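> Here is a sequence together with a model predicted from it:
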Amino acid sequence: MLRYFLIISILLSLQLSAEEGKSTLLSQNDSPPQRIEFLTQREYGKALYSNPRGIGCIQCHGQDGNGGIIGYTKQKGKQKPILAPKITNIKFIRFENALKNGKGFMPKYNLSASEMVALYSYLNPNQIKSK
Ligand code: HEC
């Protein structure tokens, strides 16, 4: 019985210290890391463009999303280029679909909505997100 009581009190104190841990974390989150504050969404999008947690878009779609040849296939004895298209002037819904599902040689990505919007705003500086 005493043993049982001991276990309960240990569990209770563990829970209490976990709660304390949470509150210090929360108060740290009140002031976000300095770096984020002066990264604009486009700058964030640009960083993601080279490093989107996966192979960089830049590797296939080139500088600023202008597209390029990423390889060649042979068809009926003829070399045929594999193109990564220009991705700077397309509708957001189309952009999002390609990222979520992949397309042809392009892998799919597991990006959050805000990451996709940041990427899109980097590639379409003059266009507001239009569906
Ligand atoms: C391995 C090369 C590769 C990488 C890496 C890659 N793509 Fe692609 N992407 C392609 C190819 C090839 C296509 C064309 C697919 C097709 O139409 O068959 C494509 C298509 C797209 C499309 C659709 C264009 C349209 O007109 O429908 C978008 C948008 C796109 N890519 C954005 C991105 C973004 C953003 C990233 C980075 C997060 C990325 N891609 C990474 C190769 C790549």
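That came through, no problem.

> pLDDT weak spots in this structure?
Low-confidence segments of the chain (pLDDT under 70): 1-2, 4-37, 128-131.

> Which positions in it make contact with the ligand?
Residues of the chain found near the ligand (CB under 6 Å from any ligand atom) are 52, 55, 57, 59-61, 70, 84-85, 87, 90, 94-95, 98-99, 103-106, 109, 119. To be clear about C-beta, it is placed using only N, CA and C from the backbone, and glycine gets the same treatment.

> For ChimeraX, write the selection for the buried entries among these.
The buried residues among the residues of the chain next to the ligand can be selected in ChimeraX (16 or more other CB atoms under 10 Å) with this line:
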select :52,57,60,61,84,85,87,90,95,98,99,106,109,119
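
> Filter the residues of the chain next to the ligand down to just the ones in helices.
Among the residues of the chain next to the ligand, the members falling in helices (DSSP state H) are Cys57, Gln59, Cys60, His61, Arg94, Phe95, Ala98, Leu99, Leu119.

> how about the strands of the protein, start to end?
Using DSSP state E, the strands assigned to the chain run over residues 68-75, 78-84.

> could I get those as TSV with distance to Gln41?
As requested, the strands of the chain are exported to TSV (distance: least, CB to CB, whole Å):
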stretch	distance to Gln41
strand 68-75	25
strand 78-84	24
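
> Apart from its chain neighbours, what residue comes closest to Asn124?
Setting aside the residues directly before and after it, Asn124 is nearest to Thr88 in space (CB to CB, 6 or more residues apart in numbering), at 6.3 Å.

> burial count for that neighbour?
By other CB atoms under 10 Å, 17 other residues sit near Thr88.

> Could you do Arg53 as well?
Arg53 has 10 nearby residues by other CB under 10 Å.
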